[in-house]
Every structure is written in structure tokens, then in C-alpha cells.
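**Q** Sequence plus predicted model, see below.
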Amino acid sequence: MNAKDVLTELKPEFPRGFLWGGALAANQCEGAWDADGKGPSVADVTRRKENIDPKDYKGSHAISLADIHAALEWTDELGPYGKRRGNKFYERYLEDLDLCAEMGFKTLRVSIQWTRLFPEAEEKQPLEAGVRFYRQLFEAMRERSIEPLVTLHHYEQPLATVFNRRGWYDRGMIELFNRFTEVCFREYGDLVTYWLTFNEVDSIFRHPFTTAGLVEEQFEGLDMEQVCYQALHHQLVAAAVATTQMHELAPGGRMGCMLTKTLHYPLTSHPDDQLLAQRVNRENHLASDVHAFGEYPGWVLKEWERKGITVERTDADAAVLKEGVIDYFSFSYYMSMVSTRDEADKEKVSGNLTSGVKNPYLDVTEWNWQIDPEGLRFSLIDLYDRYRMPLFIVENGIGAIDEFKDGTVVDDYRIAYFRSHITEIGKAIADGVDLLGYTPWGCIDLVSMSTCQMSKRYGFVYVDADDEGHGTYDRSKKKSFDWYARVIATNGANLEDL
Ligand code: BGP
């Protein structure tokens, strides 16, 4: 091994046909939360909280049944339920697609809200208005030569299932979800090639409500860890069914999984730190291993045994998981973390609804997320070695407070972030990784998943709205807009400043 070759001499490269683009999620951008018959989703009752440190993700995400009822009584358009408003993509999507096309996007990641088609999930037939909206959206993308990349479950579960089913803990959710996915494949199979099942499928342990509609007080007497594993199992089976459905109903399509890739380094060379990092990295991969290999890894079965956790799984489930393995592997990447046996007295950082010991070599964002472009390269190499299938980075980016002045935002920090990450991506490709594309998160400003803030901005396009919902929602190009357009036009060859 030649250190120079690895660390300095590898030249970034991008293949022809690389899918440059951006990523959105319906619950954070569409708004129109109760329009045209749409039912409420879990996102529509999550709120920005007052008097809470916005960096306290756990605190800001805890939810009770009383919170949900209070949310349902809130009727004001303005206020803390930002995901109800999003950035008004539902009304302004054509304008947004024009902006994406102007940047040269080859693809745009969006999601289909289950509640626009099946407001409470239990209906037998989908709502015509919802079916029509997504058809128009995908057609409009195709007209602009933008390949739709479509997530089927992005933190948008029908709220009714929380009460009727206790969320994904109920096995019946598999059938309901696959009724919805069947409609998606039949209706849009001619327009969509790239599909994703569950956004950040590993996230159930971090935010059980947002990911799976689980409210702790509905499970009195049950161990929450067991509840999460059971719900995750149902999601994994439903994802495998969806994959098989897609192959039958929309042949030519490709199904991916979606993992929150959070790389853990050992803080020191002490063997304990190595073992702890290995352990937490393995846990990070649990769900995606099932998606990719069609079976649970042995370590988790032993862990369940040790902890007395029983997950009900049938023989039929095992066959379904084997049959419905994914065609490509997608993930989000925002940060790396470190593991150590000795956390006491160490400086802490936040993460994507996690927290941990600070890596002394890395800077952090305004939300205390560690910035680690080389960690992205490390992750790409690791994931490709592990799964041996095409990869797709479907989220990456920096949440920042932008200053809007003279009709634009001079977001040099965002350009610097993307330059460093794209460089490392190009090096991973030069090192043999098969990468389909790259879709930076929140390419048009939208409402934050974890904090429900509009002011935590990711986009190349600025949206005039504040956390309470005031504003015109007009779109303006940030400096990074032109920069990213040039990156795409040169297929990643020109990453210089403007
Ligand atoms: C991922 C989610 C996105 C998202 C992003 C950024 O976890 O898939 O929905 O929003 O992280 O997180 P946040 O919006 O909390 O800054």
C-alpha cells in the first residue's frame, strides 16, 4: 500500500451518465397537508418546540398521545407545524422543476405521500386526486429530462395507523402498505425506474414515531426495544414484498434500500475502541443487510437470545425476504462519529438524532453535526466491498442559517462543503466504486425533519419563508446554484470557486 496514492494522488472521476441531482421529501416540501382529501400523516403532527435547544434532537422528537391530539386541534395555517406547509411544492412544483432543470439535474428524488392516495391507509381504492398529482409530477420531470427517484415511505405514515394499528408493530401494516405500493407500481411504473422503499430504514430506534408510528405509552408492559425490532421486521417484509411487486408490475425498474450511513471510527487504537466501533457499525447495517442478503445476520439473533427479545417471524417471511432483495443500495450521509470505551469528560457533538464524543480532527456545522468528507469516501468503499452492488448517495448536505441579501445568498460555506464531498466521491469512483448518482439533500429549501425549522436550510434555491410560516415562498437562486450547475455541466470536472 502506498500512502501517497491513497491520500493525495488519486484523481476524482465521474462516469458518463452519472445521475447528478437533488433530493426532497414530500412531507417536508409539499405542504397542502389537508388538500384534496389527503389524510394527516405522522409528519403533520410533529412540531417545532419552544424553549428547547434546537440541537436537542431527542427532546425535540419525543411525542405523546396528548401531543398528537393537541396537534389535531391546531387549525392555524401559521405556527409550529412546519411540515404542514413545507415549501409549498404541491402548488409550485413546476417552477421548482424548472429550476432543477436549469441546474442541469439528471434526477430528482421525491417521495409519494401514502396519505394522498390512502388518507387513513385502510381504504380499498386510492384517491383519484392523489394519483393524478404524482402522475403529473413524474410526467413534468420526464418532460424536463429529469429521472424520478421515488421513495415510497419517507416519514409520512398515515396518522390513523397510529391509533388503529399501533403503527408498524401491527403485522396488518404489511398488507396496507403493499396495497399502496401496488398502486404506485401500476400507476407510475411507466414513468419511474428508480424506487426506494423505507427512508433511513435503520432509524426506528432513534425516532420510533416518525419512522414507524410507535408511541411509547401505547406499549405499556412491553419492552420498547422489542417493539422496535418487531415493527422493523414488518417494514423489512413489506419492503421485500414491494420489491417483488415492482419486479412483476413494473419490469425494468430497480429497487433500492435507504440507510442512514453513520460511520463510526474508533477514537483511539485501543482494541476496546476498535471493538466498540465495529459493533456500532454492524448495528448501523442490520436493516440494510436484510434488504441486501435476504436474511438476518447471525449476531442479532444471538443478541435477541441474550436479551430475551422475541421477534415473531414466520417461515413465509423468510421466503419473502429472500425473494425480495434489492437491486441497488442507497444511503444518506451527513457525518461520521467516534466510539470509545471512555466517554467521560470528552467533548460531545450531536448527530442525525444521535450524539456522541467529538472527533478532535473535524469541524462541525451550526447544528453541531461533524463535517467529514473523507468519511464519505470511506463509507463508499466500505459499502461497496460489503454489498457488491451499485450505490447511490441520495442525501448529503449542510444545514445552515443563510443570510438573504440583495436577492441572493452568498453561501460559500455550502460550496466548500459540496466541493470537499464531491472530491472524495470522485476519488472513491476512481478507486473502483460503482456509484449511480448523487442527490444533495433539500436542494430547494424545505422544513427540517428533526427540528421542523425552515431556518435550517440546505438548498441551492432559497425559499422566502420563516419558521412560523410567514413569507411569500418565492424562490431565489443562491450562489451555490450556479456553482452546482457548473459542476453538473462539467460532469464533476470543475469544482473551482465561481
Ligand atoms: C435525513 C432525512 C431527511 C432530512 C435530513 C436532514 O435524516 O431523511 O428527511 O431532513 O436527514 O435532517 P434535518 O432535516 O433534520 O436537518
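**A** That came through, no problem. All of these numbers come straight from a predicted model, not from anything done at the bench.

**Q** any idea how far residue 116 lies from the ligand?
**A** 18 Å (C-beta to the nearest ligand atom, to the nearest Å). All C-beta spots, glycine's among them, are computed from the backbone N, C-alpha and C.

**Q** Measure how far the helix or strand where that residue lies is from the centre of its chain, please.
**A** Using DSSP states H and E, residue 116 sits within helix 114-117. Remark: helix 114-117 is offset 19 Å from the chain centroid, using C-alpha atoms, centre = their mean, to the nearest Å.

**Q** what pLDDT, on average, does that helix get?
**A** Mean pLDDT, helix 114-117: 98.

**Q** That one packs against which elements?
**A** Under the contact criterion of 3 or more C-beta pairs under 8 Å, 6 or more residues apart in numbering; DSSP states H and E, helix 114-117 touches helix 128-143, helix 172-188.

**Q** hmm, who's touching the shortest one?
**A** It stands for helix 128-143. With C-beta atoms under 8 Å, 6 or more residues apart in numbering as the test, helix 128-143 has contacts from 36-38, 90, 93-94, 97, 108, 110, 112-113, 116-117, 147-148, 150, 183-184, 187-188, 191-192.

**Q** Which of these are buried, as a PyMOL select command?
**A** Only the buried members of the contacts of helix 128-143 enter the following PyMOL selection, criterion being 16 or more other C-beta atoms under 10 Å:
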select buried, resi 38+90+93+97+108+110+112+113+116+117+147+148+150+183+184+187+188+191+192
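
**Q** Could you check how far residue 49 is from the ligand?
**A** Residue 49 is 14 Å from the ligand, by C-beta to the nearest ligand atom.

**Q** which SS state does residue 332 fall under?
**A** Taken by DSSP: H, G, I helix; E, B strand; the rest coil, the conformation at residue 332 corresponds to strand.

**Q** Give me the pLDDT value at residue 173.
**A** For residue 173, the predicted pLDDT is 98.

**Q** ok, how many other residues are close to it?
**A** 25 (other C-beta atoms under 10 Å).

**Q** who touches it in this structure?
**A** Contacts of residue 173 by C-beta under 8 Å, 6+ apart are 121, 161, 165, 167, 234, 238.

**Q** Could you do residue 198 as well?
**A** 152, 153, 211, 235, 239, 257, 258.

**Q** Burial check on the closest residue to the ligand within the stretch 1-150 of the chain, number of neighbours?
**A** Nearest residue of the stretch 1-150 of the chain to the ligand (C-beta to the nearest ligand atom) works out as residue 25 at 4.8 Å. Residue 25: 26 surrounding residues under other C-beta under 10 Å.

**Q** Residue 150 is in contact with that one, correct?
**A** No. Taking C-beta atoms under 8 Å as the definition, residue 25 is not a contact partner of residue 150, at 10.9 Å.

**Q** Quickly list what's touching both of these two.
**A** 110, 111.

**Q** List just the nearest of the contacts of residue 198 to the ligand.
**A** residue 258 (7.9 Å).

**Q** Now do that closest one against residue 447, distance only.
**A** 19 Å (C-beta to C-beta, to the nearest Å).

**Q** Just list the residues touching residue 152, thanks.
**A** 111, 112, 114, 180, 181, 184, 195, 196, 197, 198, 242.

**Q** residues in contact with stretch 188-196?
**A** By C-beta under 8 Å, 6+ apart, stretch 188-196 touches 107, 109, 134-135, 138-139, 141-142, 147-152, 242, 246, 249-250, 252-258, 328, 330, 392, 394, 436.

**Q** Before we move on, what's the pLDDT of the nearest residue to residue 307 once chain neighbours are set aside?
**A** Ranked by C-beta to C-beta, 6 or more residues apart in numbering and with sequence neighbours excluded, the top spatial neighbour of residue 307 is residue 225, at 7.3 Å. pLDDT recorded at residue 225 is 96.

**Q** Please work out the angle formed by the directions of the helix or strand hosting residue 225 and helix 172-188.
**A** Element membership for residue 225 (DSSP H and E) is helix 224-249. Calculated by axes from the mean of the first three to the mean of the last three C-alpha atoms, to 10 degrees, helix 224-249 forms an angle of 30 degrees with helix 172-188.

**Q** Residues of this structure that sit close to the ligand?
**A** 25, 28, 199-200, 260, 332, 352, 395, 399, 441, 448-451, 456 (C-beta under 6 Å from any ligand atom).

**Q** tell me the least confident of the residues you listed?
**A** Lowest confidence among these: residue 352, with 64.

**Q** mind pulling up the phi and psi values for the closest residue to residue 127 other than its chain neighbours?
**A** In this structure, residue 127 finds its nearest non-sequential neighbour in residue 37, 4.8 Å apart by C-beta to C-beta, 6+ apart. Taking degrees, to the nearest 10, you get phi 90, psi 0 for the backbone angles of residue 37.
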